[in-house]
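Student: Take a look and give me a structure for this.
(chains A and B, ligands or ions: 3)
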Amino acid sequence: MSAELNSVCFNLNGEKVIVRDVAPTTTLLDYLRDVRSLTGTKEGCAEGDCGACTVTLASPASGGVIHRAVNACIQFLPMLEGQAITTVEAIGTSGKLHPCQQAMVDHHGSQCGFCTPGIVMSLHTAYLSRADISRSEAADLLAGNLCRCTGYGPIIDSACSMFSVRSTVALETVIAEEARALESVQRTGCLVIRHGLQQFFSPDSLDDLLTLADRHPHAVILAGATDVGLWVTKQKRVLDTIICLGRVAELKVISVSDFAIDVGAGVTYDQLMQVPELPDELTRLMRRIGGQQVRQAGTIGGNIANGSPIGDMPPALIALGARITLASGHDRRDMALEDFFQSYGKQDRRPGDVLVSISIPRPASGDHLGFYKISKRFDQDISTLCGCFALTITDGKITSARIAFGGMAGIPKRASHVEAVLTGLEWSEDSVRKAQSAFGDDFQPLTDLRGSAGYRLGVAQNLLWRFYLESTGQIAPTDRLELGQLNLAGAS
Amino acid sequence: MMAMPQQRHATSLDGDPERWIGQSRLRCEDDRLVRGNGCFVDDIKPETCAYVIFVRSPVASAEIKSVDKAAARAARGVLAVLSAEDFGDISGAAVNPVVEGMQLVEFTVLARDRVSAVGQPVAMVIAETLAQAIDAVDLVAIDYHACEPDPGGAGFAHRSTLGDCDSAFSKAVVIASVCVQHARLAPMSLEPRAVVADYDRAQGNFTIWLSTQTPWRAHAELSRILGLAPARVRVVAPDVGGSFGGKASIYPEEVAVAWASIALGRPLKWCATRSDEFLAATHGRGGTLRGKLALADNGKFLGLKAELDFPLGNWMPFSAAIPGSNAARILPGPYQVGSVEINVTGRITPHAPIGIYRGAGRPEAAMLMERLVDEAARLLGMDPLKLRSINLIPPELLPYATHAGEIIDSGDFPKALREVAELSDYPALCTLRDAARLKGEISGVGLGVYIEPCGRGSESAAIRLRHDGIIVVATGSTAQGQGRETAFAQIAADAIGVSPNNIQIIHGDTDLTLPGVGALASRSTAIGGSAVLMAGGQFKAKVAQELGAYFNCHPDEVVIDHFGCRQRSTLSAGLLWADIAAACDDGRLCGDNFNVKIDYQADGEAWSSGACLAAVAIDRDTGNVQVKKLTWVDDAGSVINPMLVKGQLLGGMAQGIGEALMESLVYDNEGQLITGSLLDYAVPKAQDVPPIHIHKIETISPSNALGVKGVGEAGCIGIPAAVANAVHDALRPLGVHHVDLPMTGARIWEAIQRATKIDQEGQQ
Ligand SMILES: Cc1cc2nc3c(=O)[nH]c(=O)nc-3n(C[C@H](O)[C@H](O)[C@H](O)COP(=O)(O)OP(=O)(O)OC[C@H]3O[C@@H](n4cnc5c(N)ncnc54)[C@H](O)[C@@H]3O)c2cc1C
Ligand code: FES
Ligand code: FES
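Tutor: Residues are numbered from 1 along each chain as shown, chains lettered A, B, ... in the order given. Ligands and ions are numbered 1, 2, ... in the order given. Got it, this is the predicted structure:
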């Protein structure tokens, strides 16, 4: 094991801070508000849902700095080691508002102002990391920010207009300065924070991570904290031992070959979505997971390891035929993703196992994909069901069918009966009709407030039909169901 | 809340306009808010502040056998653990007895012998830090014995009639019948409820920072309940992060915190968590409204019979009966109906209380009436637009006395409907819809016409000249995002003849304002704004008088502008406002004469109105609704700041979309709330809010000095009705005639399946 660091070191609004003797599950939000009296950052839910607590997180990256918008309410303070936080108080000067703030004033983007700091920081992060934005991209950007007062239109106007004054040159100077400041907080060694009965480890190598996991087989592995954060803030659980993989560079690697995209377990949704080789259908599905803040913190590994029956990645990855690798000490276990999920709440993960990578086969040219997330609300909503289809069609016949659903059973699950019916048939309306009736053999979904068993089953069948129409070019694939003739909507 | 005078922003305005009223002046509130310098209750932390957490009932109905506080009391950092026995016979907050014979159910501060809803506070833990309070909560052992819920019964019942409804129905050619089940909704202000209570034992002064719409109501209630001299009590509503009716009256938690601050002699803070909000803040809507509309063969409305059933929850906030009584007094909406018979009841239920969520009965009235009109149109085979235009109250009949004794003061409902039809090109839209249907798409067009009473009564305003020459206007109205500081400065500027930069608006602080009502019922600009206008006029007259004497000229010769005052047609520079203030200080002028205090009483109630159109498409596979088009014509009377008005309309519209399509609080049979977080309770996000065309017409209200009408609630009234009608229009060809609110994909899909099944069975 490498040397121990017993404090947390990061930049806050341009100043280096070193925090000692802190409960490791102290959230960044509580630290900002209670310890630093930076009360601009607001708490609207403490569960990652509302975005009122959004701050800009800067991390060193090869060739510069990566900016992310994160929910301070579900980030634990030691996760910030070696990074920089900017809060709303620090982006304007006393004489002059930051362009994103000024845009919010000019377009009446704030009413009660409680969501405003979070929205400003979402805009600020976008301002740093992109050159412009369309209205629909702006709405996407704001998916993790709730505003109850404005109806969003004025905020979208603000987002679109702020780039008009953006100067890349000026920004480069700012970012270069930030990169230098970040260098001053880079440290090597394993972060070890002990406080009362709690201990928090944040190693900076895979070896150390696996050693620690071996030594503390019942520790909570922490990645982006978009699930674990809520265990603390919402369920009030006390976590004794935490091993954070945030500083393990080996787990953040994405490598692309002709056949597969290999993804480290610590890769965030957002990072994966940037990979050009990723199937477009998957990128579009991921765009519907959480909001910007959740996608920029949450990891693929966390989404799988969490084992939720309604996680959105597993059905898609299972349909694509993904395999995962678990590591324990020097042992490696490799398995098909669907085999990882054994029953509700139970995965094939032994104490001390760490999920290290996910291998996503790249679809071949004859493959057809269709991934559908059905929820009450378009953005940042839990799936009622998530249906994912991957078919290989050779000479008009289905030679392979992989179909997996979330929200239809206690685990993400393949529709093996449906697959069996389809395999060998022509990809035709007739085959779809035949296969639809097999869904009942695969799934006995639950009725809950998101939808009845009948709804889930019926929609699952309809999705196969929709997939057929889309994959045969009879209707255009869309995530937003752009329906029909009445497409007259205009803005004012 | 204090607002610094607006620094001059680069606005669209070049120099001072002749009139500030009517300008889209940028908000003076924004500078602090976009910088994170706003000051909300949770941002206030008095030294030695301790923290409060409430222990809440996990069950809907139980006897409390015992509350064992010892273990929690012994936990680290804990200062006190309190339960009902500690509070003696402290009373709850007053309920407005708007309905005659109403049974008033006040809250109990902490549940005494039994609990009557999940989430009801039973004990409170006070500790040095929030974390310590949270840790100790689980140590409070409460022994609950589950029991049957109280039968509850009626909280109120009221009947109003006009003419002979039975005979009208007997003459009817067509009787449309509709039942609307409204979901319970969460007001969901982004800032949860919060209170900081700081009792100063030495001086006996008590300051309470409260996230509220009604600081003066809180002031009166807290003084009374705690037995304190009102002069010793100061309630401050600093920046308030939204309210929407959810912060209109005080809560048990707030009384408990205030009481405990006195008992402990320490400042205490309680901030609700999001789950506290879902569980135990007031909800809205939830009513079941049934109506029948009788029509003659020419389409004339002959009679309306309606049964309105409103749930109340387990205790009553101040305005508990308002949603029911509003719905009853607004029906039959903007239409002329010969006879009316309306029964409204309020029912006590084992759930969280229901309050005046944005609209408070107005959306319910509009939804029932508009659904009835569409249903009637279907039965008559008449176009819904035409049927409406036949029956709308024509402008020449305004002011119009209603069955409930209301006077609809102004408006032009046929014009609003005409304009919405023209702007949206209604005939073309219907043609498109029909073409889409032929292609197998599910699409529909719907209208919603509404009227909206905007509050009555009085509001205070006080104006004085401060030592630095700033004219300070204190209003009894309050703000939770409406931009009051901006709009009221425009009103005062015009009334006095200065610029808004000369003005500072103060609100929300009972030490700095005269007793007032607050921000409710879309009343603030109409009544509070008119109070400022009148006070401004008086202030101007006094200034002219005083300065006339000083300049030794007639008051009419005194020119008042943003620099100060001077004598007309002389070359003398006159006095700057700062000079005038200095002259008041040193006795050259009489300072008293620069003081105005008024309590403005509105002549009547202003009624805003409007018409909305929605076009929707529905996905056959999932039932999901997509709003393709929204057009809205709103009549808000004269407009103080068009930008702010549009902001209010847009925000209301988004909530209206949420109400129509996704928001719903659900209790299970055991009374457990199963939508207690933002993941389960879907509030619209940016992608969910459709683009909209908003257009205004302007009929001046004769009911208040400014001629303005409310805008805050309109979006929740007309929009859901139009969307509901569009969805029902879309589903009609499939044989679906009824979908409950919210019209989620799952609900619509099920309704389509049921109808298809019936259809298939019918064919067999
Ligand atoms: C507001 C909000 C919206 C969301 N929306 C969606 C959504 O639309 N769809 C969806 O699918 N999910 C959603 N989520 C859930 C969440 O984003 C995902 O489950 C996320 O991928 C978890 O990743 P993480 O890195 O944050 O994991 P963490 O919270 O850090 O960990 C999650 C779990 O995985 C374990 N774990 C993490 N990494 C490893 C590893 N390498 N090896 C072994 N165990 C590991 C942890 O111990 C824990 O049990 C949402 C969450 C929030 C807060
Ligand atoms: S406080 Fe709501 S997301 Fe953090
Ligand atoms: S301005 Fe109030 S929540 Fe956005």
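
Student: What are the boundaries of the strands in the stretch 551-700 of chain B?
Tutor: Counting by DSSP state E, counting those that start in this stretch, residue ranges of the strands within the stretch 551-700 of chain B are B:558-560, B:564-567, B:575-576, B:595-601, B:607-618, B:625-635, B:693-697.

Student: right, and these - which one's nearest ligand 1?
Tutor: Closest to ligand 1 of the strands of the stretch 551-700 of chain B is strand B:625-635 (C-beta to the nearest ligand atom; 20.0 Å). C-beta: built from backbone N, CA, C; applies to glycine.

Student: Shouldn't B:Lys292 be within a strand?
Tutor: Yes: when the secondary structure is assigned by DSSP: H, G, I helix; E, B strand; the rest coil, B:Lys292 falls within a strand.

Student: Return the distance of A:Gly345 relative to A:Ala322.
Tutor: Here A:Gly345 is placed at a distance of 21 Å from A:Ala322 (C-beta to C-beta, to the nearest Å).

Student: what about these two, which has more around it?
Tutor: For A:Gly345 and A:Ala322, the more surrounded residue by other C-beta atoms under 10 Å in any protein chain shown is A:Ala322, and the numbers stand at 23 against 11.

Student: Give me the three-state assignment for the nearest residue to A:Gly440 once chain neighbours are set aside.
Tutor: Of all residues not flanking A:Gly440 in the chain, A:Leu457 sits nearest, at 6.5 Å (C-beta to C-beta, 6 or more residues apart in numbering or on different chains). Secondary structure assignment for A:Leu457 (three-state DSSP): helix.

Student: pretty sure A:Leu457 is touching A:Pro445, no?
Tutor: Yes: applying C-beta atoms under 8 Å, one finds A:Leu457 in contact with A:Pro445, separated by 6.1 Å.

Student: got the residues of chain A near ligand 1?
Tutor: A:48-49, A:220-228, A:245, A:265, A:289-290, A:294, A:297-299, A:301-303, A:305-306, A:311-312, A:354-355, A:380 (C-beta under 6 Å from any ligand atom).

Student: Cross the residues you listed against strands and list the overlap.
Tutor: Judged by DSSP state E, the subset of these located in strands is A:220-222, A:354-355.

Student: Please enumerate residues in contact with the helix or strand where A:Ile318 lies?
Tutor: Using DSSP states H and E, A:Ile318 falls within helix A:313-320. Here helix A:313-320 makes contact (C-beta atoms under 8 Å, 6 or more residues apart in numbering or on different chains) with A:279, A:281-282, A:285-286, A:289, A:300, A:303-304, A:336-338, A:341, A:358, A:360-361, A:363, A:369, A:371, A:386-390, A:402-406, A:412, A:414.

Student: Buried ones from these, can you make that a ChimeraX selection?
Tutor: Entered in ChimeraX, the line below selects the buried ones among the contacts of helix A:313-320, by 16 or more other C-beta atoms under 10 Å in any protein chain shown:
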select /A:279,281,282,285,286,289,300,303,304,337,338,341,358,360,363,369,371,386,387,388,389,390,402,403,404,405,406,412,414
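
Student: Name the spans of the stretch 151-300 of chain A whose pLDDT lies under the cut-off.
Tutor: Counting by pLDDT under 70, the stretch 151-300 of chain A contains no low-confidence residues.

Student: Which single residue of it ends up nearest ligand 3?
Tutor: Counting by C-beta to the nearest ligand atom, the stretch 151-300 of chain A gets nearest to ligand 3 through A:Ile155 (8.0 Å).

Student: B:Tyr51 - nearest residue in space that isn't next to it in sequence?
Tutor: With sequence-adjacent residues excluded and distances taken as C-beta to C-beta, 6+ apart, B:Tyr51 is closest to B:Leu130, at 4.2 Å.

Student: For that neighbour, grab the count of nearby residues.
Tutor: When neighbours are counted by other C-beta under 10 Å, B:Leu130 registers 19.

Student: So what does it have for phi and psi?
Tutor: Torsion angles at B:Leu130 (phi, psi; degrees, to the nearest 10) stand at phi -60, psi -40.

Student: In JSON lines, list the ones in strands among the residues of chain A next to ligand 1 along with neighbour count.
Tutor: Supplementary listing: those in JSON lines, determined by neighbours: other C-beta atoms under 10 Å in any protein chain shown:
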{"residue": "A:Val220", "neighbour count": "17"}
{"residue": "A:Ile221", "neighbour count": "22"}
{"residue": "A:Leu222", "neighbour count": "24"}
{"residue": "A:Val354", "neighbour count": "24"}
{"residue": "A:Leu355", "neighbour count": "25"}
